[in-house]
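Undergrad: Pasting the sequence and the predicted coordinates here, then a few questions.
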Amino acid sequence: MQEFLQHTLNGLSTGSIYALVALGYTMVYGILQMINFAHSEIYMLGAFAVYYVARFFGLNTPSTLNFIIGLLSAIVACGLVGFAVERFAYKPLRKTDKLNVLITAIGVSILFQFGGQIIFGADPKSFPDLIENTELFNFLEIPFNVVDLLIYGVTFASLIALTYLVNYTQRGRAMRAVSTKPDAAKLMGINNDSIISFTFVVGSVLAGIGAFLVATKYPKIDPMMGARIGMGAFVAAVFGGIGNLPGAVLGGYLLGLGECYLIGYGASTFREALSFFILILILLVKPNGLLGKTAKEKI
Amino acid sequence: MKKITPQNIQVNNLSVNYGNIKAIKDISFNFRTSEITTLIGSNGAGKTTTLKALMGLLPSAGTVSVNDTRIEKLTVAGRISRGITLCPEGRGIFPNLTVHDNLMLGAYLNKNSAEIKHLLEEQLTFFPKLAERIKQIAGTLSGGEQQMLAISRALMSQPEFLLLDEPSLGLAPVIIDQIFSKFEDLKKQGLGLLIVEQNAILALEISDRAYVLETGTLTLSGTGAELLHDPRVIDAYLS
Ligand SMILES: Nc1ncnc2c1ncn2[C@@H]1O[C@H](COP(=O)(O)OP(=O)(O)OP(=O)(O)O)[C@@H](O)[C@H]1O
Ligand SMILES: [Mg+2]
């Protein structure tokens, strides 16, 4: 029982990251019907941004302030990169066939992966220690560490903020309007381009938060770290029903829990296989995902 | 209710092309506040195109003025702020959003949340049906309710001119009567309505002014009553 609880907690922590990154895939899909393959690289760049900000300002001591500076650096960097990718890579292709955008997305992803290896180096770098990972309390002999609690807490706060934004603000309503009926949205006076751009920024910011949390827990970063988490997060988004926000969160947590039970009960060799297995299964059995409704062409 | 000052929209030499196809050829007409103006014409005549061009949704040639202010260079948002709103063909409601959220988007350009709240209350009094269904997903409303929602959402932007593209399409006669009586209420409040209709008799009956559009050209104009009794109109649209 104690063991099971421990695996569950690990699963929730892994799942939080999948959920944060999956949201970016699903939001962009919802508004542009395209998979932003560069999303996982935006995530990676978030971690490197914190690394360089910390190096530049000499932040190396754990403190609440440094943690917040690190988090904000990831948020700002990813927001800017997400904005730039959309503006310069995808927007010029908005009126062309969707396949062009898709291929461009793969291109941007490769560019960042290999560009990253050239500029940052392919070797893993040590992520700065911005918060002390002490054990806060012990429950049923399970230690609760600062970093794990921060992962749960920051993810939860982000999800609440996103829910509020999407459901209860005019901008959120506009995001939903543009994603379902862009022509009608224009008649409301909505600037569809700026809503699309905003959606990219929000998705990228969530990826940045995820990257910062992961790097804080596992302080080794490298230019391929995005590719590793991207696959799982993408599967989580499809699993939950791509385009569906609660679906991405559900898919993220289910995948995270599934992986951690596999690892916990000695089947860790199958960890990587799990996401592929889920992907194949969901495409065969329920192509619209757990919470998805409409059957649309997917890529 | 906002007080609406008398205004006139003058359209001069409006032309719209889709590639090589000339959909609207050099038409000129006007319509005013406190009046209902109808544009009738058969399928493909260019009615929707005319409304879209007035709204700034399509590139067009010619001039559009509200009183003496030229507006043909304004964006869609600019024209909404200038008091012109289009309730489009097929209603254009957001089917997966609630009635409330659809209405809120009608006031998207309004940044005063207290005013939006007040406008919403006003609309729910004007269309009590919508008040009952405020939390419902709009796609599950009946056709008539969806049309009321589309009109109400358009009114949320506090237009002085409301352009309506086939508001009676696909609705039962009793619902059409309800909706058209709302149009007369709006006219009394001072709005200028430009209605595109296939249902010509009904539209002409409540019109102060009417135009007939045939393959991109205006061929007839007059008061609603005049056109209602014009043999050419009777032949082409009323029989
Ligand atoms: N996007 C488009 N591309 C090319 N041609 C178009 C386009 N939209 C409309 N047309 C053409 O322009 C003409 C006018 O179309 P429009 O939709 O304005 O007619 P309408 O009077 O509203 O017809 P209806 O009563 O069927 O709604 C038609 O011949 C139509 O085929
Ligand atoms: Mg039409």
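TA: Nice, I can see it. Ligands and ions are numbered 1, 2, ... in the order given.
Undergrad: For the rest of this, base every contact and every neighbour count on C-alpha atoms.
TA: Will do.
Undergrad: In chain B, mark out all the strands, start to finish.
TA: Counting by DSSP state E, chain B forms strands over residues B:8-18, B:21-32, B:36-40, B:61-66, B:69-70, B:84-87, B:161-165, B:192-197, B:209-214, B:217-222, given from the N-terminal end onward.
Undergrad: Just checking the first one against ligand 1, any contact.
TA: Meaning strand B:8-18. Yes. Against ligand 1, strand B:8-18 shows contacts by CA under 6 Å from any ligand atom at residue B:18.
Undergrad: Domain map for chain B?
TA: Chain B breaks down into these domains under automatic domain parsing: B:1-83+B:159-239, B:93-158.
Undergrad: ok, back up a step: any chance of CSV for the strands of chain B, columns mean neighbour count, distance to residue A:95 and mean pLDDT?
TA: What follows is these, written out as CSV (neighbours: other CA atoms under 10 Å in any protein chain shown; distance: least, CA to CA, whole Å; pLDDT from 0 to 100):
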stretch, mean neighbour count, distance to residue A:95, mean pLDDT
strand B:8-18, 18, 16, 96
strand B:21-32, 18, 21, 96
strand B:36-40, 27, 32, 96
strand B:61-66, 18, 23, 96
strand B:69-70, 12, 30, 95
strand B:84-87, 28, 24, 98
strand B:161-165, 26, 26, 98
strand B:192-197, 26, 30, 96
strand B:209-214, 22, 32, 95
strand B:217-222, 16, 31, 94
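Undergrad: now those in TSV, with distance to chain A?
TA: As requested, the strands of chain B are exported to TSV (distance: least, CA to the nearest CA, whole Å):
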stretch	distance to chain A
strand B:8-18	16
strand B:21-32	20
strand B:36-40	20
strand B:61-66	18
strand B:69-70	19
strand B:84-87	7
strand B:161-165	11
strand B:192-197	16
strand B:209-214	24
strand B:217-222	26
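Undergrad: all helices for the stretch 51-200 of chain A, in order.
TA: Taking DSSP state H, counting those that start in this stretch, the helices of the stretch 51-200 of chain A run over residues A:64-84, A:98-119, A:146-168, A:170-180, A:182-187, A:192-217.
Undergrad: So for residue A:17, which of these sits nearest?
TA: The closest of the helices of the stretch 51-200 of chain A to residue A:17 is helix A:192-217. By CA to CA, the value is 5.2 Å.
Undergrad: Report the contact partners of residue 7.
TA: Looking at chain A here, since you left the chain open. The contact partners of residue A:7, taken as CA atoms under 8 Å, 6 or more residues apart in numbering or on different chains, are A:257, A:260, A:261, A:264.
Undergrad: To clarify, I was referring to chain B.
TA: Residue B:7 makes contacts with B:32, B:33, B:66, B:67, as judged by CA under 8 Å, 6+ apart.
Undergrad: which secondary structure elements does the lengthiest helix in chain B contact?
TA: For chain B, the helix that runs over the most residues, judged by DSSP state H, is helix B:173-188. Counting contacts by 3 or more CA pairs under 8 Å, 6 or more residues apart in numbering or on different chains; DSSP states H and E, helix B:173-188 packs against no other helix or strand.
Undergrad: buried ones in that helix?
TA: Within helix B:173-188, the residues that count as buried by 16 or more other CA atoms under 10 Å in any protein chain shown are B:175, B:176, B:179, B:180, B:182, B:183, B:184, B:186, B:187.
Undergrad: And the residue lying closest to the first one once chain neighbours are set aside, how far from chain A?
TA: Once flanking residues are discounted, residue B:175 sits nearest to residue B:144: 6.2 Å by CA to CA, 6 or more residues apart in numbering or on different chains. Here the distance between residue B:144 and chain A works out to 18 Å (CA to the nearest CA, to the nearest Å).
Undergrad: One more: residue B:181?
TA: In this structure, residue B:181 and chain A are 24 Å apart, going by CA to the nearest CA.
Undergrad: Give me the neighbour count for the residue in the stretch 101-250 of chain A that ligand 1 sits nearest to.
TA: Closest approach between the stretch 101-250 of chain A and ligand 1, counting by CA to the nearest ligand atom: residue A:183, at 12.4 Å. Neighbours of residue A:183 under the rule other CA atoms under 10 Å in any protein chain shown: 15.
Undergrad: Okay, it and residue B:94: tell me how far apart.
TA: 11 Å (CA to CA, to the nearest Å).
Undergrad: ok, now residue B:36?
TA: 27 Å.
Undergrad: Where does the prediction get shaky in the stretch 51-200 of chain A?
TA: Within the stretch 51-200 of chain A, not a single segment meets pLDDT under 70.
Undergrad: following the strand or helix carrying residue A:251, which helix or strand comes up?
TA: Under the criterion of DSSP states H and E, residue A:251 resides in helix A:245-264. Next helix or strand after helix A:245-264 toward the C-terminus (DSSP H and E): helix A:271-285.
Undergrad: Can you spell out which helices and strands pack onto that next one?
TA: Using 3+ CA pairs under 8 Å, 6+ apart as the contact test, the elements touching helix A:271-285 are helix A:225-240, helix A:245-264.
Undergrad: ok, and the most crowded of the contacts of residue A:7?
TA: For those, counting by other CA under 10 Å, the largest number of neighbours falls to residue A:260: 26 neighbours.
Undergrad: Restrict stretch A:221-232 to CA atoms and write it as CSV.
TA: Taking only C-alpha atoms (Å, rounded to 0.1, in the frame of the first residue of the first chain), the coordinates of stretch A:221-232 have been written out as CSV:
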residue,chain,number,x,y,z
ILE,A,221,19.4,19.5,-19.3
ASP,A,222,20.4,18.9,-23.0
PRO,A,223,19.1,19.9,-26.4
MET,A,224,17.2,16.6,-26.8
MET,A,225,15.3,16.9,-23.6
GLY,A,226,12.3,18.3,-25.4
ALA,A,227,12.1,15.4,-27.9
ARG,A,228,12.0,12.9,-25.0
ILE,A,229,9.1,14.5,-23.2
GLY,A,230,7.4,15.7,-26.4
MET,A,231,6.4,12.3,-27.6
GLY,A,232,4.7,11.5,-24.3
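Undergrad: Would you mark the buried spots in it?
TA: Neighbour-count burial for stretch A:221-232, counted by 16+ other CA under 10 Å, picks out A:221, A:222, A:223, A:224, A:225, A:226, A:227, A:229, A:230, A:231, A:232.
Undergrad: low-scoring stretches of chain B, by residue?
TA: Applying pLDDT under 70 to chain B flags the ranges B:1-2, B:239.
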